[in-house]
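> My questions are about this predicted structure, shown below with the sequence.
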Amino acid sequence: MIHIDLIIVGGGPIGIACGLEAKKKGLDYCIIEKGPITNSLYNYPLNMQFFSSSEKLEIDNIPFISNEAKPKRNEALEYYRRIVTSNDLNINLFEKVNTVLKKQDTFYIKTDKEQYTCSYVIIATGFYDLPNTMDVPGEDLPKVSHYYKDPHFFAKQKLAVIGASNSAVDAALECYRKGAEVTMLVR
């Protein structure tokens, strides 16, 4: 079992910001991320553009330069990857945290690769990896996806997009423009 003073669960923008602060303070820390750096952003749709401007996505006063006022997914991946590598942050990639338990003043963390103890834990897991399920029959069929990546896959197909958020509308329009027969379903 490995002891680390601080474990940060999640290597997205918030986890990276916490790692930067921990490093500045000289803390013994480790960021544990279940996928690549900023796994959630990596799984965003390929052509996604943020609704926020680049300066609102900046961390630690590190400038986020983008081609447009609102950056795209690939620019965000580059920005956060450069922060991690240029600051040599202690991050374990492709290691999934399975349990976090606290007994007295110690946390016990079990991942799919290792077991840790620590004095402090920061949970910075974000929300994108948690789909909004509807618990309806057929939702678990192979043709149903809770994530959208690329409109090309849906060309010449019938497609139902559930919801009416900004992302749902963007996905529906992209797929329609690539030749999908799109129906939007809204409560």
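Yes, it's here.
> can you tell me how far the residue lying farthest from the centre of the chain sits from residue 117?
Of all residues in the chain, residue 104 has its C-alpha farthest from the mean position, at 31.1 Å, by Cα atoms, centre = their mean. Noted for residue 104: a distance of 11 Å to residue 117, by Cβ to Cβ, to the nearest Å. Quick note: C-beta positions are derived from backbone N, CA and C, even for glycine.
> same deal with residue 5?
Residue 5 is 10 Å from residue 117, by Cβ to Cβ.
> picking that back up, and the residue farthest from the centre of the chain, what does it touch?
By Cβ atoms under 8 Å, 6 or more residues apart in numbering, the contact set of residue 104 is empty.
> so what's residue 170 up against?
With Cβ under 8 Å, 6+ apart, residue 170 has these contacts: 45, 48.
> Can you classify it by secondary structure?
helix (DSSP: H, G, I helix; E, B strand; the rest coil).
> Model confidence for it, exactly?
Looking at residue 170, its pLDDT reads 88.
> what's the answer for residue 114, then?
97.
> and what of the one 10 residues further on?
With respect to pLDDT, residue 124 scores 96.
> isn't it right up against residue 9?
Yes - under the criterion of Cβ atoms under 8 Å, residue 124 makes contact with residue 9 at 6.5 Å.
> shared neighbours of these two, anything?
Contacts common to residue 124 and residue 9, judged by Cβ under 8 Å, 6+ apart, are residue 15.
> List the contacts of the longest helix along the chain.
Ranked by number of residues, the top helix in the chain under DSSP state H is helix 73-86. Applying Cβ under 8 Å, 6+ apart, the external contacts of helix 73-86 come out as 11-13, 16, 19-20, 37-38, 41-42, 44-50, 54, 57, 59-60, 62, 64, 66-67, 71, 89, 91.
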